[in-house]
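Asker: I would like to see how this sequence folds:
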Amino acid sequence: MMSFLRRLLQSFLRKQAMDSGRFTGLYRKICNPAGQEWARFLKRHDVLYGMGEDCVIQTNVDFTDPKHVRLGNNVHLTGCTVFGHDGSVNMLKHITKKRLDSVGKVDIRDDVFVGHRAIIMPGVTIGPYSIVAAGAVVTRDVPPNTIVGGVPAKVISTVDDYLERCEQRTAALPWADDPLIAGDFFGPASEELTKLRCAYFFETPETSTSQAE
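Answerer: From the prediction side, this is the model:
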């Protein structure tokens, strides 16, 4: 009974939030929308300056100035902070009594991933086809087909090189060609895939030894 009532409440809150923007706080807390759903909410209500298709935005992404942000297609943001202003000018204005402003746009082009706790500063354009590593602080434009990381962020690799390495690593995994879990590569891991991964990580002697070293 309680689970039925909870589903009913979630359905009500989701509809209200999507249709009119009402009860957004409760919707986030009780429905805990996944990244694709939250991106649809932000796009539906024009929260950002602009957003393309197929974006994924986790609810813990912080846009300090949403209207200064434009996203292309297939942009994935997870737990990062996107700044649209420099707050230090408020302190300087108080001291100097001068009219100061320090704002900028953040333009994230098509096919970009931004990792957890990365910080994107104002005035930056990223991509297309780029990756920002977790914890990076991006203070300047990121060229296409580039992976950046560090503080401040610097070029680490091309996305094409990283893709090749990912393909090689994946091919070596024991479940890579398992037809029973093929669909898991394009969605959340099933219980079966999780078991296969854990057995490989923790129970295979070669893997356990190399990780311990």
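Asker: and the helix ranked longest in the chain, what other elements does it pack with?
Answerer: In the chain, taking DSSP state H as the definition, the longest helix is helix 2-20. With contacts defined as 3 or more CB pairs under 8 Å, 6 or more residues apart in numbering; DSSP states H and E, the packing partners of helix 2-20 are helix 35-44. The way it works is simple: take the backbone N, C-alpha and C, and place the C-beta from them, glycine included.
Asker: re the thing from before, and the longest helix of the chain, C-alpha only, in CSV?
Answerer: Coordinates of the C-alpha atoms in helix 2-20 are reproduced here as CSV (Å, rounded to 0.1, in the frame of the first residue of the first chain):
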residue,chain,number,x,y,z
MET,A,2,2.8,2.4,0.9
SER,A,3,4.7,1.7,-2.3
PHE,A,4,1.5,2.3,-4.3
LEU,A,5,0.9,5.7,-2.5
ARG,A,6,4.5,6.6,-3.1
ARG,A,7,4.3,5.9,-6.8
LEU,A,8,1.1,7.9,-7.0
LEU,A,9,2.8,10.8,-5.3
GLN,A,10,5.8,10.6,-7.6
SER,A,11,3.5,10.5,-10.6
PHE,A,12,1.6,13.6,-9.4
LEU,A,13,4.8,15.6,-8.6
ARG,A,14,6.4,14.6,-11.9
LYS,A,15,3.4,15.8,-13.9
GLN,A,16,3.1,19.1,-11.9
ALA,A,17,6.8,19.8,-12.2
MET,A,18,7.0,19.0,-15.9
ASP,A,19,3.8,20.8,-16.9
SER,A,20,4.0,23.9,-14.8
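Asker: could you give the angle of it to helix 35-44?
Answerer: If you take axes from the mean of the first three to the mean of the last three CA atoms, to 10 degrees, helix 2-20 sits at 30 degrees to helix 35-44.
Asker: Is Val89 in a helix, a strand, or coil?
Answerer: Using DSSP: H, G, I helix; E, B strand; the rest coil, the secondary structure recorded for Val89 is helix.
Asker: now swap in Trp175 and tell me
Answerer: coil.
Asker: what's the burial count for it?
Answerer: Trp175 sits with 18 neighbouring residues when counted by other CB atoms under 10 Å.
Asker: ok, now Glu167?
Answerer: The tally of other residues near Glu167 (other CB under 10 Å) stands at 10.
Asker: Many thanks, we can stop here.
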